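Enquirer: Just the structure for this:
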Amino acid sequence: MYVCHCNVVTDRDILESIANGARCVADVARETGAGRTCGNCISSLRDLVCKHCPVRVERTTERPAERELGVAGAAR
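Expert: Got it, this is the predicted structure:
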C-alpha cells in the first residue's frame with residue numbers, strides 16, 4: 001500500500017527502513033523521503049513507526065530516573 005504518494009513510498013519501504021535501524025518518523029523520512037513534500041502522510045507514517053519500532057519496547061524497561069535525565073545527565 002502506498003503511504004506517501006508524492007514520493008512513491010510504500011508501507012514495505014517504511015517497514016524495511018525500520019528493520020534497517022530507523023527509530024523515529026524523522027529517520028524514516030530521511031531514508032525514504034516519505035512526508036517531505038506535502039505532509040499528508042505523516043499520521044500514517046507515525047502509526048507505522050509506533051506500531052513496528054522496537055525502541056518502544058526498550059523504553060518501557062527504563063527506570064523512571066533515567067527518563068528524567070538528559071543526554072549529559074542534566075535534568076530535562
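
Enquirer: Just give me the longest helix of the chain.
Expert: In the chain, assigned by DSSP state H, the helix with the most residues is helix 42-52.

Enquirer: I'd like to check what contacts that one. Which residues are they?
Expert: 3-4, 11, 14-15, 18, 22, 24-25, 28-29, 34-35, 56 (C-beta atoms under 8 Å, 6 or more residues apart in numbering). In this view, the C-beta of every residue, glycine as well, is placed from N, C-alpha and C.

Enquirer: Just the CA coordinates for that helix, please, in CSV.
Expert: Included here for helix 42-52 are C-alpha records, laid out as CSV according to Å, rounded to 0.1, in the frame of the first residue of the first chain:
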residue,chain,number,x,y,z
ILE,A,42,2.7,11.9,8.4
SER,A,43,0.0,10.4,10.5
SER,A,44,0.1,7.1,8.6
LEU,A,45,3.9,7.2,8.8
ARG,A,46,3.8,7.9,12.5
ASP,A,47,1.3,5.0,13.1
LEU,A,48,3.6,2.5,11.3
VAL,A,49,6.7,3.7,13.2
CYS,A,50,4.9,3.5,16.5
LYS,A,51,3.5,0.0,15.8
HIS,A,52,6.7,-1.5,14.4
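
Enquirer: which residue sits closest to the residue most central in space within the chain, ignoring its sequence neighbours?
Expert: Centroid check for the chain by C-alpha atoms, centre = their mean gives residue 24 as the closest residue, at 2.2 Å. With C-beta to C-beta, 6 or more residues apart in numbering as the criterion, residue 24 has its nearest non-adjacent residue at 6.5 Å, and that residue is residue 49.

Enquirer: The protein: helices as residue ranges?
Expert: Assigned by DSSP H, the helices in the chain fall at 11-19, 25-32, 42-52, 55-60, 64-68.

Enquirer: Is it possible to get JSON lines of the ones you listed that adds mean pLDDT and mean neighbour count?
Expert: JSON lines is the format used below for these (pLDDT from 0 to 100; neighbours: other C-beta atoms under 10 Å):
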{"stretch": "helix 11-19", "mean pLDDT": "96", "mean neighbour count": "17"}
{"stretch": "helix 25-32", "mean pLDDT": "95", "mean neighbour count": "19"}
{"stretch": "helix 42-52", "mean pLDDT": "94", "mean neighbour count": "16"}
{"stretch": "helix 55-60", "mean pLDDT": "54", "mean neighbour count": "10"}
{"stretch": "helix 64-68", "mean pLDDT": "49", "mean neighbour count": "8"}
